[in-house]
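[1] Next input, structure requested:
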Amino acid sequence: MRQADIIVVGGGGAGLAASIEAASAGCTVVLLEKESRLGGSTGVSVGAVASSGTDLQRRSGIVDTPQQHFEDLALWAGKLAPRDNLDLRRLLTDNVPETVAWLERLGVVFFGPMPDPLHRVPRLHAVLPRSRAYIHHLSREARRLGVAFVLNARAERLILEGGRVSGVEVLVDGRAERLHARRAVILSAGDYSSGLEFKQRFLAQDIADIDGVTPSSTGDGQRLGLDIGSEVVNGDVIWGPDIRFVAPPRKNLVELIPPATSLGRMMRLALRYLPSSLLRPLAMMFITTNLAPSPSLFSEGAILINKAGRRFVDERKRPQDAIVRQPDRLAYVVFDHVVARKFTAWPHYISTAPGLAYAYLADYRRNRRDIYHQADTLGGLAEAIGVPAETLEHTVGEYNASRAAGFPALVSPPFYALGPARSCIPITDGGLRVNARLEVLDRDGVPIKGLFAAGSTGQGGLLLAGPGNHLSWAFTSGRIAGRNASRG
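    So this is what the prediction gives:
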């Protein structure tokens with residue numbers, strides 16, 4: 001039987017942070033990741049971290065405190081604020097400034113801080129060059145400290161001995177193994193945005209059918225905790241669903257470049273000093289991979305069609321809920337030259353990546369040729385996207401004849417389509433009940449000995465609406481769980 005002081009389940013931001021802290025405390029650590037590489041939802045995120053009291057804030061002359069950050073999180077929670085776990089919110093806001101400094105010491109480069117609605121001052125710290133930088137730097141540090149990574153390893157069951165969690169039963173490349181944890185197990189396996197069983201249990205059926213952004217986020221950590229007597233808090237709270245353009249079929253050259261510290265620093269200098277005309281093409285190469293179409297496209301006259309060439313929804317009434325019921329769960333955004341001319345400059349943007357740049361139509365033509373389609377006729381556009389020409393022509397004609405007052409007819413060539421796009425759930429907030437030490441609690445509120453949780457698995461009722469807060473919690477809770485677990 002393989003043994004270690006600490007076993008960590010999940011190799012995203014929270015799991016890596018927990019592993020590093022536990023190893024730094026002198027523990028032997030084995031990290032289990034069910035996918036073939038580390039990363040989780042952290043590795044495919046936009047990459048912003050929200051924090052007060054950072055060096056970047058001070059250099060920008062911004063005065064901010066954890067207390068102010070704590071207060072502003074209530075504004076993000078809105079009507080759900082009474083359900084928030086205030087102890088965990090305090091844990092986050094008090095500790096995330098040091099987490100940002102810790103990430104920077106490991107080589108992570110941030111740009112900002114950037115403003116965002118409801119934050120009273122700029123707090124968004126955007127990672128450079130992209131979110132894989134977190135995984136690059138944290139995994140390197142974990143390896144340096146001797147953390148053992150076991151990939152293609154799906155945790156099946158927690159081992160209980162004498163009322164204490166003492167290990168994990170796991171399938172590694174399909175082979176059953178038992179791993180013994182001398183001190184503790186840390187669950188950091190993400191959320192369940194792609195876990196059909198959990199979504200059917202907690203969410204309305206029409207939402208449960210919508211896919212998650214990260215296919216591997218199936219609630220494995222929550223399942224392991226429930227099996228031994230814990231419970232999920234705020235299981236019905238999700239963010240989204242959103243419409244997202246599908247990811248590129250293959251990685252571009254930029255994505256193959258290692259996200260080293262030196263590259264991040266060069267990009268930060270460029271963001272600060274290069275003219276926008278030179279900077280934007282560079283920045284957009286990094287951020288036009290998995291973005292969402294702005295609702296303003298539809299308010300200006302664009303329509304959604306399915307793979308049969310038919311319009312299927314009023315685009316201004318939650319179209320994300322209807323896409324899942326279309327063939328292959330896909331749709332295309334269709335518009336003409338009149339609409340296209342608007343989406344070439346602020347304030348009419350196709351997509352936004354918080355903290356870095358807005359993507360306009362030309363950015364998609366340059367960087368996302370796989371989803372950018374243009375033709376002089378509707379028939380030519382239909383051929384480009386693979387839908388029946390006669391059906392698309394009829395659909396647009398019918399729309400033009402019945403469109404609401406104030407919306408332009410789609411009659412001016414050339415015609416455009418962006419897509420395919422899909423509806424997806426970015427993240428769910430249901431996590432195992434935990435205390436301020438990140439110990440997992442049973443249904444009576446008693447700590448389960450030897451079991452900790454972090455990140456989305458260990459959210460414990462904490463509400464994390466707003467950009468940057470989920471990553472802030474992932475890294476911060478991972479560090480705290482790792483430290484506390486190392487003490488046994």
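[2] Which helix runs longest in this protein?
    Longest helix in the chain by number of residues (criterion: DSSP state H): helix 86-105.
[3] pull the CA atoms of it into PDB?
    Output in PDB follows, covering the C-alpha atoms of helix 86-105 (Å, rounded to 0.1, in the frame of the first residue of the first chain):
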ATOM      1  CA  LEU A  86     -19.500  34.900   7.100                       C
ATOM      2  CA  ASP A  87     -16.700  33.000   8.900                       C
ATOM      3  CA  LEU A  88     -15.400  31.700   5.600                       C
ATOM      4  CA  ARG A  89     -15.900  35.000   3.900                       C
ATOM      5  CA  ARG A  90     -13.700  36.600   6.600                       C
ATOM      6  CA  LEU A  91     -11.200  33.800   6.200                       C
ATOM      7  CA  LEU A  92     -11.000  34.600   2.500                       C
ATOM      8  CA  THR A  93     -10.700  38.400   2.700                       C
ATOM      9  CA  ASP A  94      -8.200  38.400   5.600                       C
ATOM     10  CA  ASN A  95      -5.900  35.900   3.900                       C
ATOM     11  CA  VAL A  96      -6.100  36.500   0.200                       C
ATOM     12  CA  PRO A  97      -3.600  39.500   0.200                       C
ATOM     13  CA  GLU A  98      -0.900  37.100   1.500                       C
ATOM     14  CA  THR A  99      -2.000  34.500  -1.100                       C
ATOM     15  CA  VAL A 100      -1.400  37.000  -3.900                       C
ATOM     16  CA  ALA A 101       2.100  37.800  -2.500                       C
ATOM     17  CA  TRP A 102       2.800  34.100  -2.200                       C
ATOM     18  CA  LEU A 103       1.800  33.500  -5.800                       C
ATOM     19  CA  GLU A 104       4.000  36.300  -6.900                       C
ATOM     20  CA  ARG A 105       6.900  34.800  -5.000                       C
END
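[4] what's the angle from the very next helix or strand once past it to helix 86-105?
    Once helix 86-105 ends, the next helix or strand along the chain (criterion: DSSP states H and E) is strand 109-114. Computed by axes from the mean of the first three to the mean of the last three CA atoms, to 10 degrees, the angle separating strand 109-114 from helix 86-105 equals 130 degrees.
[5] Please read off the pLDDT at residue 351 from the model.
    In this prediction, residue 351 carries a pLDDT score of 85.
[6] Helix or strand with the lowest mean pLDDT in the chain?
    helix 276-287 (a mean of 55; mean pLDDT, DSSP states H and E).
[7] re earlier: avg pLDDT for the longest helix of the chain?
    pLDDT averaged over helix 86-105 gives 98.
[8] List the buried residues in it.
    Within helix 86-105, the residues that count as buried by 16 or more other CB atoms under 10 Å are 88-89, 91-97, 99-100, 102-104. No exception for glycine: its C-beta is placed from N, CA and C like everyone else's.
[9] swap in stretch 226-245?
    By neighbour count with 16+ other CB under 10 Å, stretch 226-245 contains the buried residues 230-245.
[10] Stretch 35-47 too?
    By neighbour count on 16+ other CB under 10 Å, the buried set for stretch 35-47 is 35, 38, 39, 40, 41, 42, 43, 44, 45, 46, 47.
[11] Next: stretch 297-304.
    Neighbour count says stretch 297-304 has 297, 298, 300, 301, 302, 303, 304 buried, by 16+ other CB under 10 Å.
[12] any idea which of these is closest to residue 203?
    Of all these, the one with the least separation from residue 203 (CB to CB) is residue 304, at 23.1 Å.
[13] could you say which helix or strand contains the closest one?
    strand 303-305.
[14] Switch the buried residues of helix 86-105 over to a markdown table; also include distance to residue 177.
    Shown next, in a markdown table, are those (distance: CB to CB, whole Å):
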| residue | distance to residue 177 |
| --- | --- |
| 88 | 33 |
| 89 | 38 |
| 91 | 34 |
| 92 | 35 |
| 93 | 39 |
| 94 | 39 |
| 95 | 34 |
| 96 | 36 |
| 97 | 40 |
| 99 | 33 |
| 100 | 37 |
| 102 | 32 |
| 103 | 32 |
| 104 | 37 |
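[15] Who does the helix or strand encompassing residue 419 pair with, and is each partner parallel or antiparallel?
    Assigned by DSSP H and E, residue 419 belongs to strand 415-425. The strands beside strand 415-425 in its sheet (DSSP bridges) come out as strand 211-212 (parallel), strand 242-245 (antiparallel), strand 331-335 (antiparallel), strand 372-375 (antiparallel).
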